[in-house]
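1. Give me coordinates for this.
(chains A and B)
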Amino acid sequence: MSSPLLVVDRLVAGYVRGLPIVHGVSVHVAPREVVTIIGPNGAGKSTLLKAIVGLVGVQGGRIMLDGRDITALPTHEVIRCGVGFVPQTNNVFTTLTVAENLRAGAHLLHGQGKALLGQRVERAYALFPVLGDKRHERARTLSGGQRQMLAMARALMTEPLLLVLDEPTAGLSPLLVDEVFTRVRELAAQGVAVLMVEQNAKGALRRSDRAYVLTEGRNRLEGAAAALLVDPEVAAAFLGGYRKAAP
Amino acid sequence: MSVSLNMLGQAIADGLLTGAVISLGAIGISFTMQIMRFANFSHAELLTWGGYLALVGVGFIGAGLPTAGLSFGLGLVAATLLAMLLTGALAWGVDRLVFRRLRRSGAHHLTLVFASFGVGLVLRHVIVLFWGHESRFYTQELQIAIELLPGVRVMPDQVFILALTMIIVLALHLWLKHSRTGIAMRATAESPALATACGIEIDRVIRATWFIGGGLAALSGVFVGLTPQLNAEIGGSLLLALFAAAILGGVGSLPGAVVGGLLVGLAENLMLLWVSPGYKQSMSFGVLILVLLLRPQGLFGERQEGDR
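-> Numbers count the residues shown, from 1 in each chain, chains lettered A, B, ... in the order given. A predicted model of the protein is given here:
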């Protein structure tokens, strides 16, 4: 394995000091790797992602990105260090047009010339043609799938090293779920590492390199996605297999 | 009482001019309410401060030679630009000193509203402390009214005010629509969390908001000082009208604040045709209550998704 891009080391995090939701979780992501986090509701998956990007207070442990300590950085600094973040809900600016959403995503490209901005915007339209067709429409007019595409395109404007996705397929039809996962693989092939939380465990594991299972804010299992896909415990709890009887 | 066409025309002209002054003040209230999520009752005092800071400037450099029928010249223009900058800095300074501390301590938005009442009182009484209660003037020049339509007279200063307001509002609109900071402001207005995930530094957006709001409030204060005069109460007496305009137009909306301001100004002046001037302030109240009952998001306001 190449040296990791993201290292989360025994992270303790939560909204209220002294009442952590994430209790010492460790996660790492290598460059170009697609890593999925699964786990039951309330396992602290979303909180973990928000803590990584600085939206939730870190109460212990350490987060390193590309060799740099980003544990205590405010969100806009974390983004500057090379992270793109797509929240699960409210992940586009509904009052802004599609083009303006992309401009907002390109906020940090300031001072690098208008040509670069135009180039990135055109690349976003090439990657997601539907966005090009609707560039002057308000994002509120987009469907759920289109919004997810816009949210990803927006997060990619700064060419992040790591893309953090919180349940990118939530609420999408099966066809779109597949498209989102295909996109994620394409991005990895182009050199972007992806860390995502997913409810659709089976679909996500099939498209991931590695995965973690969290329960109650702690590491429960980890390993190659292919191995977890056939793990009896994972199958029973997340993949629609038979539930084990209570001990 | 019958109302002649002339009187109606004059009331409309006066209403538009009052409205322009209200619009400029309401823009700041509307933006701070949208971005910092609290009603800043001290904003009206920024009008007063702007007016007096320009007076200080005029004290140093004079109001300039009256040009083109106006009562003032370049001196007042320079003093006003300086007053706009300083009032913006004052608004931002107050935020650093009071509101930001409260925000960071997780205070309820009502706490900020009450704090803003206190800030407003302090700001007003500092003015009284230095300048007292008597009225002040930028110039002693007399102006000759021009007759726009038969029976409808306006001062050249007033025409200047209306035109400048429209130019500034248009410029601000284009800036919000196309500039990097303008887009960042609109993004933050909708969702601070998502804005910061775009790498936008919220503190910078907040600073820009105070400078814009404070600067426009100062301009509005100077306009009141020009037509007719300056005193410590000019901001306070417009407070209700400013809020009525911001809420009528829709919180966070620039065209909303402008149209809201013009409508409130027109409503106040048209009402004077039938009702005693003593009831003038009640008009703003009436507009405010009607809007809140009928269209709480205002004329141009957008209900954001997730709002209830």
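2. Helix, strand, or coil at residue B:204?
-> Secondary structure, DSSP: H, G, I helix; E, B strand; the rest coil: residue B:204 is helix.
3. Return the residues of chain A in contact with chain B.
-> A:53, A:55, A:74-76, A:79-80, A:85, A:87, A:89-96, A:100, A:103-105, A:107-108, A:110, A:140, A:154-155, A:158 (Cβ under 8 Å from any Cβ of the partner chain). For every residue, glycine as well, the C-beta is placed using N, CA and C.
4. Are any of those residues buried, and if so which?
-> For these, a burial check counting by 16 or more other Cβ atoms under 10 Å in any protein chain shown picks out A:53, A:55, A:75-76, A:79-80, A:85, A:87, A:90-96, A:100, A:103-105, A:107-108, A:154-155, A:158.
5. Mind checking which of those residues are in helices?
-> Of these, the ones assigned to helices by DSSP state H are A:75, A:76, A:79, A:80, A:100, A:103, A:104, A:105, A:154, A:155.
6. Quick check: the fourth one touching residue B:200?
-> So the one you mean is residue A:80. No. The criterion here is Cβ atoms under 8 Å, and residue A:80 misses it with residue B:200 at 10.7 Å.
7. Specify the beta-bridge partners of residue A:23.
-> As for beta bridges, residue A:23 partners with residue A:12 under DSSP bridges.
8. Show me the shaky parts of the chain.
-> No chain in the question, so chain A it is. In the predicted model, chain A carries pLDDT under 70 at residues A:1-2, A:240-247.
9. Can you look at chain B instead?
-> B:1-2, B:303-308.
10. mind listing the strands in it by residue range?
-> Taking DSSP state E, the strands of chain B run over residues B:146-149, B:152-154.
11. Can you show me the helices along the stretch 1-150 of chain B?
-> B:5-36, B:43-61, B:74-94, B:100-104, B:109-131 (DSSP state H, counting those that start in this stretch).
12. Need the single longest helix in chain A, by residues.
-> Identified as the longest helix of chain A according to DSSP H is helix A:174-189.
13. re earlier: how about the helices of the stretch 1-150 of chain B in a markdown table, adding distance to residue B:267?
-> Converted to a markdown table, the helices of the stretch 1-150 of chain B look like this (distance: least, Cβ to Cβ, whole Å):
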| stretch | distance to residue B:267 |
| --- | --- |
| helix B:5-36 | 7 |
| helix B:43-61 | 18 |
| helix B:74-94 | 27 |
| helix B:100-104 | 34 |
| helix B:109-131 | 24 |
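14. Is it possible to get CSV of the ones you listed that adds mean neighbour count?
-> Shown next, in CSV, are the helices of the stretch 1-150 of chain B (neighbours: other Cβ atoms under 10 Å in any protein chain shown):
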stretch, mean neighbour count
helix B:5-36, 24
helix B:43-61, 25
helix B:74-94, 21
helix B:100-104, 14
helix B:109-131, 16
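15. Out of those helices, which is closest to chain A?
-> Nearest to chain A among the helices of the stretch 1-150 of chain B is helix B:5-36 (10.6 Å), distances taken as Cβ to the nearest Cβ.
16. could you check whether that closest one is close to chain A?
-> No. Against chain A, helix B:5-36 shows no contacts by Cβ under 8 Å from any Cβ, the least distance being 10.6 Å.
17. sec struct for the residue nearest the centre of chain A, please.
-> Averaging the C-alpha coordinates of chain A gives a centre point, and the residue nearest to it by Cα atoms, centre = their mean is residue A:165 (1.7 Å). Using three-state DSSP, the secondary structure recorded for residue A:165 is strand.
18. Which residues does stretch A:222-233 contact?
-> Here stretch A:222-233 makes contact (Cβ atoms under 8 Å, 6 or more residues apart in numbering or on different chains) with A:36, A:202, A:204-213, A:221, A:234-235, A:239, A:241.
19. Identify the residues contacting residue 79.
-> I went with chain A, as the question did not name one. A:53, A:85, A:108, A:158, A:160, B:196, B:197, B:198, B:199.
20. The intended chain is chain B.
-> B:53, B:54, B:55, B:56, B:57, B:58, B:60, B:61, B:63.
21. Would you mind putting those residues into CSV with distance to residue B:125 alongside?
-> Below are the contacts of residue B:79 laid out as CSV (distance: Cβ to Cβ, whole Å):
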residue, distance to residue B:125
B:53, 16
B:54, 20
B:55, 17
B:56, 18
B:57, 22
B:58, 23
B:60, 24
B:61, 27
B:63, 27
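22. ok, back up a step: so what sits against both of residue A:80 and residue B:200?
-> Joint contacts of residue A:80 and residue B:200 (Cβ under 8 Å, 6+ apart) do not exist.
23. my guess is residue B:250 contacts residue B:256, does it?
-> Yes. Under the criterion of Cβ under 8 Å, residue B:250 makes contact with residue B:256 at 3.8 Å.
24. Touching both of these two, which residues are there?
-> B:30, B:298, B:299, B:300, B:301.
25. So which of those residues is the closest to chain A?
-> residue B:301 (10.4 Å).
26. re earlier: quick one: which of the ones in helices among the buried ones among the residues of chain A next to chain B is nearest residue B:88?
-> Using Cβ to Cβ, residue A:76 is the member of these that lies nearest residue B:88, at 22.9 Å.
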